[in-house]
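Participant: generate a structure from the sequence data that follows.
(one chain, ligands or ions: 1)
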Amino acid sequence: MENKQLLRAIKMRHSRRSFQDKMIPADMLVSAIDQINETAGLHIQLLLNNPEAFDSLKKSYGMFRGVRHLIALVGSSDDPYLYEKLGYYGEMLVLRATASNLATCWVGGTYSKNDCRCQLLPHEELVAVIAVGYGEETISMKEKVITSVIHRRHKTYAQCTKLEGTPPEWFKYGVEAALLAPSALNAQPVIFTWKASTAYASIPEKRKIEQVDLGIAKYHFELGAGCGEFGWGNHAGFTVNDNV
Ligand SMILES: Cc1cc2nc3c(=O)[nH]c(=O)nc-3n(C[C@H](O)[C@H](O)[C@H](O)COP(=O)(O)O)c2cc1C
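Facilitator: Here you go, the predicted structure:
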């Protein structure tokens with residue numbers, strides 16, 4: 001998929017919590033997942049027809065409707081960057097799904113882990129899921145209320161950057177793309193620093209879910225900047241491609 005389509009998906013995407021009872025074309029997601037698992041050493045799985053994970057009102061607080069299909073974000077707990085990698089590659093799948101007119105929602109807490117039919121090998125962990133499907137055509141009042149409660153605030157460029165000197169244009173485009181990234185409770189915890197001619201991405205607290213947010217934000221930044229990539233880890237620097 002071309003970067004242009006993914007950049008458009010960044011602008012189009014927002015979390016959906018009500019889905020149509022409809023099968024999705026799985027081929028595109030399955031081949032993207034296979035490729036990611038191969039390159040990143042993860043065990044991400046597409047679970048078609050697994051509504052049980054969202055059936056329990058106690059776990060999902062009734063926030064979701066009609067979730068049938070999930071992407072289970074699984075990998076080895078021995079990987080020191082597991083949460084960040086699942087954020088990065090999970091968002092790669094979210095944007096691909098969005099570009100194919102599918103609706104998505106990252107879910108780290110409000111689902112039943114035990115009812116998720118994913119395979120866990122020894123030392124593996126299920127970190128979060130992504131609900132995926134065709135969104136309900138009309139957004140119900142309930143979904144609007146849930147979105148507005150969780151989505152009250154949006155950070156500004158100034159609130160999520162620390163600048164020493166004037167960064168290049170690509171830094172600004174990267175941050176703008178990262179500002180449109182999903183994050184748990186819409187906390188947008190990632191700070192982008194420009195220092196000694198290098199961009200860095202960091203989170204103030206290294207909790208599991210913030211590390212997922214860090215991976216998601218790094219992926220958005222890379223797409224927006226379009227000229228390089230971050231290393232893994234908190235405070236990792238951005239390497240600009242040779243040809244820039
Ligand atoms: C790692 C992660 C975990 C999340 N967990 C939940 C969740 O448990 N329940 C839920 O309803 N939304 C969850 N969300 C969705 C966020 O609430 C949503 O991304 C945020 O409010 C921003 O809204 P947007 O995605 O429409 O831009 C999660 C998002 C991320 C990135």
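Participant: only C-alpha atoms from now on, for both contacts and neighbour counts.
Facilitator: Noted.
Participant: need phi/psi at residue 176.
Facilitator: Main-chain torsions, residue 176, degrees, to the nearest 10: phi -60, psi -40.
Participant: what's stretch 20-33 in contact with?
Facilitator: 44-46, 66-68, 93, 96-97, 133-136 (C-alpha atoms under 8 Å, 6 or more residues apart in numbering).
Participant: dump the residues you listed into a markdown table; add distance to the ligand and secondary structure as well.
Facilitator: Below are the contacts of stretch 20-33 laid out as a markdown table (distance: C-alpha to the nearest ligand atom, whole Å; DSSP: H, G, I helix; E, B strand; the rest coil):
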| residue | distance to the ligand | secondary structure |
| --- | --- | --- |
| 44 | 15 | coil |
| 45 | 17 | strand |
| 46 | 17 | strand |
| 66 | 14 | coil |
| 67 | 12 | coil |
| 68 | 15 | coil |
| 93 | 13 | helix |
| 96 | 15 | helix |
| 97 | 14 | helix |
| 133 | 15 | strand |
| 134 | 15 | coil |
| 135 | 13 | strand |
| 136 | 15 | coil |
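Participant: which one of these is nearest to residue 200?
Facilitator: Relative to residue 200, the closest of the contacts of stretch 20-33 is residue 93; by C-alpha to C-alpha it sits at 23.8 Å.
Participant: contacting residues around that closest one?
Facilitator: 29, 32, 33.
Participant: run the last query once more with 10 Å
Facilitator: Neighbouring residues of residue 93 by C-alpha atoms under 10 Å, 6 or more residues apart in numbering: 28, 29, 30, 32, 33, 36, 71, 87, 99, 104, 130.
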